[in-house]
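J.: Output the structure for:
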Amino acid sequence: MKARRIVAAAVTAAAAAATLATPAQAVSFNPVPVATDKELHLPAGYRYQILMEEDDPTSDGQRFGGMADLTVYLPIYGSELGRLWVNHETTPGGGSLLTVARNADGTWTVLHSERVDFSAAGGTWNNCAGNVTPWGTVLIAEEYPPQDVKEIPAGLAANPKLYGWMVEFDPVTRQVRKHFSMGRFSHEGAVVMPDRRTVYMGDDFRGGLIFKFVADREGDLSSGQLYALDARNRRWIEIPRDPAALGDARRYGLEHGATPFNRPEEIEYNPKDGMLYFAETGDNKKQGVEKYGRIWKLNPQTLELTPFVDGGPGTGLFNPDNLAVDGEGNLWIFEDKYEEFMPPAGAQYGNNHVWVADRTRKLKRFATIPLGAEGTGPFFTPDYKTLFFSIQHPDAPWRSSVVAVTGF
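T.: Reported below is the predicted structural model:
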């Protein structure tokens, strides 16, 4: 069993007295200031615990992988005991499965840890974001697929077309499946809707698209219809069910009028207002908000698309990437800044941040991530008392890590 070090934010009388609480925002905290150091800073009253770090020994005699990304909590016994899935954004792609238990004091213990073998699916590639399905499996997004066999390292099948798909993993049976009907592109975020058939997906690419997949059967993503969003005309463009079109889904969509975005990444559904929210990270070759990025709000019924929060010096938000929605409908936004907005060049903007936006679009800075790192893969326990996420590619002495934040 493993219990890792715990770091609590300092609490002062002044900070406690200044703590903010509004009916629209269930999370009550005093925003943290901009920071440029190697610490994970949280508001007073919150604490983080490192559960696993890169190169830690695992229960199966292996080592915990690097470039931790998506984290997904899968309940075994509510919010007290569960499996924690972790993507590793590497080539070959990796995945780890932890069994975690919450202690009486709110901290967590890792009871078991293991690395997952993807060889049955031919291996995986750059396992980035994804999500959990209503039936308890994990969707794993293969990002930035190879275009040439020369890009593929030893240990993977020498076929570029085998990578760039949505992968489904069952943590109980250990079955791994690639869903070719969901299209090949630079998969990032995905969210399965309450109907258990519809999946919305982001395509992390300059000129990437927003896709919708409608499965033929509830709870079965092995076959269905893929669409690309034409936001200007508020329509979905049908991608033919043939290997050529599905294998180059972005190209087909663009040729038929789909709307390109500046790296559309994570996408989430907010059940409080019935809207979809997705992060457009931005393109550093452009200017203004096209460079800073923004959060979009999409009405899945009417396809009305409106800016929710724009990035830039005015808001303090730069290059949003990963998202999560809490129990009150607040949107948690994790940055992945371009180098010019990071220390030392962009020291005035600080390290990557975690923001919380309520439904009035008010932003509050919840955390600053250690120097050199981005926070990735946020996921709450069902009771919203713990937020799991990863610390990816940090400067030393940090290692790529999975953390649990408590104090909610």
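
J.: Confirm that G253 sits in a helix.
T.: Yes: secondary structure assignment (DSSP: H, G, I helix; E, B strand; the rest coil) places G253 inside a helix.

J.: Who are the contact partners of P134?
T.: Counting by C-beta atoms under 8 Å, 6 or more residues apart in numbering, P134 touches V192, P194, R196, G219. Glycine gets a C-beta too; all of them are placed from N, C-alpha and C.

J.: Output the below-cut-off pLDDT ranges for the chain.
T.: Low-confidence segments of the chain, defined by pLDDT under 70, span residues 1-5, 8-26.

J.: what number of residues lie near P75?
T.: By other C-beta atoms under 10 Å, the residues close to P75 number 15.

J.: Show me what the residue nearest to it when sequence neighbours are not counted bridges to in the sheet.
T.: By the measure of C-beta to C-beta, 6 or more residues apart in numbering, the closest residue to P75 outside its immediate chain neighbours is G82, 4.6 Å from it. In this structure, G82 has beta-bridge partners P75, V100, where bridges are defined by DSSP bridges.

J.: Count the neighbours of P344 for me.
T.: Other residues lying near P344 total 8 when counted by other C-beta under 10 Å.

J.: Now it, what are its backbone angles?
T.: In terms of degrees, to the nearest 10, the main-chain angles of P344 are phi -90, psi -20.

J.: Could you measure from it over to L371?
T.: Counting by C-beta to C-beta, to the nearest Å, the gap from P344 to L371 is 10 Å.

J.: Over to H112?
T.: According to C-beta to C-beta, H112 stands 32 Å off from L371.

J.: Please say which of those two ends up with more neighbours.
T.: Set side by side, H112 and L371 show unequal neighbour counts under other C-beta under 10 Å, the larger going to L371 at 20 against 15.

J.: Would you agree that one is in contact with K38?
T.: Yes: contact criterion C-beta atoms under 8 Å: L371 and K38 qualify, at 4.8 Å.

J.: who touches both of these two?
T.: What both L371 and K38 touch, as defined by C-beta under 8 Å, 6+ apart, is the set P394, D395.

J.: and the residue nearest to A35 when sequence neighbours are not counted, what are its bridge partners?
T.: Excluding its sequence neighbours, the residue lying closest to A35 (C-beta to C-beta, 6+ apart) is T368, at 4.2 Å. Listed beta-bridge partners, T368: H41, H353 (assigned using DSSP bridges).

J.: List the residues that contact T368.
T.: By C-beta under 8 Å, 6+ apart, the contact set of T368 is V32, P33, V34, A35, E39, L40, H41, G350, N351, N352, H353, V354.

J.: what sits against the third one?
T.: By C-beta under 8 Å, 6+ apart, the contact set of V34 is Q348, Y349, G350, H353, R365, T368.

J.: so which of those is the most crowded?
T.: Across the contacts of V34, the neighbour count under other C-beta under 10 Å reaches its highest value at H353, namely 27 neighbours.

J.: my read: it touches E335, true?
T.: Yes: under the contact definition of C-beta under 8 Å, H353 touches E335, with a separation of 5.2 Å.

J.: And what about E340, helix, strand or coil?
T.: When the structure is split into helix, strand and coil by three-state DSSP, E340 lands in helix.

J.: ok, now V167?
T.: Secondary structure assignment for V167 (three-state DSSP): strand.

J.: With adjacent residues omitted, what lies nearest to it?
T.: According to C-beta to C-beta, 6+ apart, the nearest residue to V167 is I140 (4.1 Å).

J.: in the protein, which spans are helices?
T.: In the chain, helices defined by DSSP state H lie at 13-18, 243-246, 249-255, 289-292, listed in chain order.

J.: among the ones you listed, which is nearest D358?
T.: Nearest to D358, of all the helices of the chain, is helix 13-18, at 18.0 Å by C-beta to C-beta.

J.: hmm, back to that, what do H353 and E335 both touch?
T.: Listed contacts common to H353 and E335 are L317, I369; contacts here mean C-beta under 8 Å, 6+ apart.

J.: For K337, give me its contacts.
T.: Counting by C-beta under 8 Å, 6+ apart, K337 has contacts F318, N319, G346, Y349, N352, E374.

J.: With A357 instead?
T.: Under the contact definition (C-beta under 8 Å, 6+ apart), the residues listed for A357 are I295, F308, V309, N330, L331, I333, L363.

J.: related to what we said a few turns ago, among the contacts of P134, find me the one that's closest to L254.
T.: Nearest to L254 out of the contacts of P134 is V192 (C-beta to C-beta; 25.3 Å).

J.: Surely that closest one touches V199?
T.: Yes: counting by C-beta under 8 Å, V192 touches V199, with 5.2 Å between them.

J.: anything in contact with each of those two?
T.: Here V192 and V199 have L139 as joint contacts, going by C-beta under 8 Å, 6+ apart.

J.: tell me, how many neighbours does V149 end up with?
T.: Taking other C-beta under 10 Å as the criterion, the count of residues near V149 is 11.
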